[in-house]
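>>> need a 3D model of the following:
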Amino acid sequence: MESSQHPLLAGLTSQERNQIGLASVSFEDGNTIYVQGQVLDLVYLLVAGQVEQIARDAKFGVRAIADLLGPGEALGPIFDTEHSVARFDYLARGKVTALALSGADFRQLCKRSLSFAK
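Residues are numbered from 1 along each chain as shown. Modelled structure (predicted):
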């Protein structure tokens, strides 16, 4: 999937795309993207690869894969306030390519663009 074909960007005009501060990032297999309890600052729009969403219980030391995210999905402070924290660990499974933008930019974009917010 090319970055321009990410489903969350499909309804944007070229002007709207140019106003977004998107950066292409990659994570190698096993890289940590977010740790449970970490303040979420970036939204990652997944373009290629998979990300494990891992639930853990610090009291008992139990870890389990809660979900597997892939191309077309997003993670980060999507619907939450600017000071939200990760409820899970997020780890790259294989090489992952994503588009990153700040949570604030993501929320502003949702306010400006009805097609994007859907």
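
>>> going by C-alpha atoms from here, please, whenever you check contacts or count neighbours.
OK.

>>> so how far is V47 from T13?
The spacing between T13 and V47, counted by C-alpha to C-alpha, to the nearest Å, is 19 Å.

>>> neighbour count winner among those two?
Set side by side, T13 and V47 show more neighbours around V47, with 25 against 11, by other C-alpha atoms under 10 Å.

>>> per-residue pLDDT, the more buried one?
Looking at V47, its pLDDT stands at 93.

>>> please, which helix or strand holds it?
V47 belongs to strand 42-57 when assigned by DSSP states H and E.

>>> residues in contact with that strand: which ones?
If you take C-alpha atoms under 8 Å, 6 or more residues apart in numbering as the criterion, strand 42-57 is touched by 1-3, 6, 8, 62-78, 87-103, 106.

>>> listing partners with orientation, what would you give for that strand?
Strand 42-57 pairs in its sheet with strand 62-69 (antiparallel), strand 74-75 (antiparallel), strand 89-102 (antiparallel), by DSSP bridges.

>>> most tightly packed of these?
strand 89-102 (a mean of 21; mean count of other C-alpha atoms under 10 Å).

>>> following element in sequence after it, please.
Next along the chain after strand 89-102, taking DSSP H and E as the criterion, comes helix 103-112.

>>> good, we can wrap up now.
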